[in-house]
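K.L.:
predicted model, plus sequence, below.
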Amino acid sequence: MIKIEKLHKSYPIGKDSLHVLKGIDLHIKEGEFVSIMGSSGSGKSTLLNIVGLLDIHDEGHYYLNGQLIKDMNEKKAALLRNKFLGFVFQSFNLISYKTALENVALPLYYKGMGRKERLQVALDYLEKVGLKDWANHLPNELSGGQKQRVAIARALVTKPKVVLADEPTGALDSTTTDSVMDLLKDINNEGMTVFVITHEEEVAEQTKRIVRLKDGVIISDEFTKASKAV
Amino acid sequence: MFDIDRWREIFQSINKNRLRSVMSGFTVAFAILLFTLLFGIVSGLSNTFTEAFADDAQNAMFVRVWKTTKPYKGLQTGRTIQLRNGDYNYVNDTYGNKIQYKSSRIYKNFNLKYKNEAGNYSVMAVNPDHQFLEKTIIDEGRYINERDLKNKSKVIVIGRLVKEDLFGQKPALGKRLNVNGSSYLIVGVFSDEGGDNEERKAFMPLTTAQMIYGNNDYISQIALGYNPKLNLDEAVAFGNQMERDLRNKMNIHPDDQSALSVQNMAEANKGVGQFMGILYAIVILVGSGTLVAGIIGISNIMIFVIKERTKEFGIRKALGAKPSSIVGIVVQETVLITTLAGYLGLSLGTYILSLIGDSLEEDYFIKDPNVSTGIVIGATVVLIISGLLASYIPAKKAANIKPIVALRAD
């Protein structure tokens, strides 16, 4: 599903450049539940941004669903994101003046689905994350955990191939963290590839494969007990 | 083309940011309002000036004579110059193709009497064309015609106020009027936009006056309307040429203004035209300044708005929004606000101008101020296009920011 070969990325800082990713090789198959771990500055967010087509790599190859990602312009990237990827962010990134339902329906709008249909689909997904009764509330009327569940519903609504979650539990307390992780596990059990970035061991342990990054290189890549249990 | 969802997005965004929308709308509405008022007031001034010359036709010329003030070819100063039918015919024969209307004039002052009502009025003996030269409006009956001239008929056309003085509310048409002892048939009643004095007058056939009062071919003045196909410069040249020729013909010193002069409306029109031209130029300058201020206002607001929404655009892009759709909603929203506000400013301006109406005519010489729809629509279009550019450029920039950067924005 995701295949990365010798990926390099550096950011210019003044005259110098900061080499963030120093040759990453990673292969994630369909249906995997992977977490990327590392301290801040290890390059994990950069990796996710490149995988999520939110940023462009400098060197190496990146195949998404077998397709080589090269010479992306914003329009092509937008289409691919809409088709293959669902995002869950640490800070939720819901649009503040839209209700939960409208937020969830937004990716379907960009897919070109009619209003009635997409609101129905969005409502189904809100029900799935247990927020059907909150459909017409604005984000600031929801708790952190509820917001993140809305964001997950929004990530799932287009039936993407991969769900990318950047510190999905970073802004949540432990109870809500568990409920969000349970949700991600359910999604994975349904066969969707889930790619999580975290610095919390407890979160990483609930995934099936942990990739540890340090200073822009992979230092370990192993399957967890959770994966063996299944 | 029409995308109901796109409009829903726009109304949601406008509704969410009411203050911002109202402010940017206000900028535009105010600019258009000032623009409308400015142009309206100048057009009001222009109307007043045009009106000031409304008494006579725009193309009128008058040949006037008095006494010589310069000796010429052995002739003394102080000689009285008299125009005759021959001079009238000479002018017609020489300049026929440059003349639209022509009439001689004889000024008289008569006592007009009907039953017990009487008064002294100035009476002019004229040719039929005179109606157009003086812009006389016939309210009842008719004006002097060629048959009157030929038959030297004793007919008279009286002004609205003469009728009011002598007849009150009773009909005057067809009645016989005592003019200095002779009986004249009233064949018409006229009015004139030149004011009350112009309506306290009467007209009679030229030939009748020449026969009865002097039995000669004297005329007081020659009134002409130059051919409207002549432009102002050509008309002025025509007047000067005629002045020279007549002075030459009548043995008058070429520079003797007092003995014979041609008063030409073309010269006055030229002056007024130049004056209004300068006034309009000033207004266009100031009006454009107002528009530019409006445009800068929208641009500022749009730059701020787009900065504020950068993160939202990042989210939208992460969810699959193409850059074009981001630019689209921003531009469409701006154009919508600009159009509505422009229309509001225009309506308000037009409404205020209509309230002013003629109320400022007495003190400020502003009559019936209004704006031509073309100018205002032009101004609104300029603002809409500016709004389009003002939003397009920053929106395009925002839409092309990498989503990762946009998402980081706060």
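P.N.:
Yes, it's here.
K.L.:
unless I misread the structure, B:Y121 falls within a helix.
P.N.:
No - assessed with DSSP: H, G, I helix; E, B strand; the rest coil, B:Y121 is strand; it does not lie in a helix.
K.L.:
now A:I197. Its backbone dihedrals?
P.N.:
Note on A:I197: backbone dihedrals following degrees, to the nearest 10 are phi -110, psi 130.
K.L.:
please report how far it lies from B:R316.
P.N.:
Taking C-beta to C-beta, to the nearest Å as the measure, A:I197 and B:R316 are separated by 22 Å. (Each C-beta comes from the backbone N, C-alpha and C, glycine too.)
K.L.:
so what's the residue of chain A found nearest chain B up against?
P.N.:
Nearest residue of chain A to chain B (C-beta to the nearest C-beta) works out as A:N82 at 2.5 Å. Residues in contact with A:N82 (C-beta atoms under 8 Å, 6 or more residues apart in numbering or on different chains) are A:107, A:110-111, A:158, B:319-320.
K.L.:
quick check: bridge partners of B:S191?
P.N.:
B:I137 (DSSP bridges).
K.L.:
where does the residue of the stretch 301-410 of chain B found nearest chain A land in three-state SS?
P.N.:
Ranked by C-beta to the nearest C-beta, the top residue of the stretch 301-410 of chain B for proximity to chain A is B:G320, at 2.5 Å. Assigned by three-state DSSP, the conformation of B:G320 is coil.
K.L.:
and it, what pLDDT?
P.N.:
Looking at B:G320, its pLDDT reads 85.
K.L.:
for it, which non-adjacent residue is closest in space?
P.N.:
Computed as C-beta to C-beta, 6 or more residues apart in numbering or on different chains, the closest residue to B:G320 that is not its neighbour in sequence is A:N82, at 2.5 Å.
K.L.:
on the three-state scheme, the one you found is what?
P.N.:
What three-state DSSP gives for A:N82 is helix.
K.L.:
please save the CA atoms from stretch B:85-104 in CSV.
P.N.:
The C-alpha coordinates for stretch B:85-104 follow below in CSV (Å, rounded to 0.1, in the frame of the first residue of the first chain):
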residue,chain,number,x,y,z
ASN,B,85,-35.3,93.9,-45.4
GLY,B,86,-32.5,94.0,-48.0
ASP,B,87,-30.0,93.1,-45.3
TYR,B,88,-32.1,90.2,-44.2
ASN,B,89,-32.3,89.0,-47.7
TYR,B,90,-28.6,89.5,-48.2
VAL,B,91,-27.8,87.3,-45.2
ASN,B,92,-30.1,84.6,-46.5
ASP,B,93,-28.7,84.7,-50.0
THR,B,94,-25.1,84.7,-48.9
TYR,B,95,-25.2,82.2,-46.0
GLY,B,96,-28.3,80.1,-46.9
ASN,B,97,-26.6,76.8,-46.4
LYS,B,98,-25.3,77.7,-43.0
ILE,B,99,-28.6,78.8,-41.6
GLN,B,100,-31.4,76.7,-40.1
TYR,B,101,-33.8,79.3,-38.9
LYS,B,102,-34.1,83.0,-39.9
SER,B,103,-36.3,85.8,-38.8
SER,B,104,-36.4,89.6,-38.7
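K.L.:
Provide the secondary structure category for the most centrally placed residue in chain A.
P.N.:
The residue lying closest to the centre of chain A (C-alpha atoms, centre = their mean) is A:L164, at 1.4 Å. Put simply, A:L164 is strand when judged by three-state DSSP.
K.L.:
now do the contacts for it.
P.N.:
A:48, A:51-52, A:85-88, A:155, A:195.
K.L.:
could those go into TSV alongside neighbour count, pLDDT and secondary structure?
P.N.:
Putting these into TSV (neighbours: other C-beta atoms under 10 Å in any protein chain shown; pLDDT from 0 to 100; DSSP: H, G, I helix; E, B strand; the rest coil) gives the following:
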residue	neighbour count	pLDDT	secondary structure
A:L48	21	88	helix
A:V51	24	90	helix
A:G52	23	88	coil
A:L85	26	90	strand
A:G86	29	90	strand
A:F87	26	89	strand
A:V88	28	90	strand
A:A155	28	91	helix
A:F195	26	90	strand
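K.L.:
of these, list those near chain B.
P.N.:
Counting by C-beta under 8 Å from any C-beta of the partner chain, A:52, A:87 from those sit close to chain B.
K.L.:
nearest to B:V405 among the contacts of A:L164?
P.N.:
Distance to B:V405, by C-beta to C-beta, is smallest for A:G52 among those, at 13.6 Å.
K.L.:
B:N120 contacts B:V162, doesn't it?
P.N.:
No - the criterion here is C-beta atoms under 8 Å, and B:N120 misses it with B:V162 at 10.8 Å.
K.L.:
overlap of the contact sets of those two?
P.N.:
Common contact partners of B:N120 and B:V162 (C-beta under 8 Å, 6+ apart): B:L112.
K.L.:
with neighbour numbers in mind, choose between these two.
P.N.:
Neighbour totals were compared for B:N120 and B:V162, and B:V162 leads with 25 against 11 (other C-beta atoms under 10 Å in any protein chain shown).
K.L.:
separation between that one and chain A?
P.N.:
Counting by C-beta to the nearest C-beta, to the nearest Å, the separation of B:V162 from chain A is 76 Å.
K.L.:
how much space between that residue and B:T208?
P.N.:
Computed as C-beta to C-beta, the B:V162 to B:T208 distance reads 18 Å.
K.L.:
which residues sit in contact with B:S122?
P.N.:
By C-beta under 8 Å, 6+ apart, B:S122 lies in contact with B:107-109, B:200-202.
K.L.:
any chance of those in JSON lines, plus secondary structure, pLDDT and neighbour count?
P.N.:
Putting the contacts of B:S122 into JSON lines (DSSP: H, G, I helix; E, B strand; the rest coil; pLDDT from 0 to 100; neighbours: other C-beta atoms under 10 Å in any protein chain shown) gives the following:
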{"residue": "B:Y107", "secondary structure": "strand", "pLDDT": "92", "neighbour count": "12"}
{"residue": "B:K108", "secondary structure": "strand", "pLDDT": "91", "neighbour count": "16"}
{"residue": "B:N109", "secondary structure": "strand", "pLDDT": "92", "neighbour count": "9"}
{"residue": "B:R200", "secondary structure": "coil", "pLDDT": "92", "neighbour count": "19"}
{"residue": "B:K201", "secondary structure": "strand", "pLDDT": "92", "neighbour count": "21"}
{"residue": "B:A202", "secondary structure": "strand", "pLDDT": "94", "neighbour count": "25"}
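K.L.:
kind regards, and thank you for your time.
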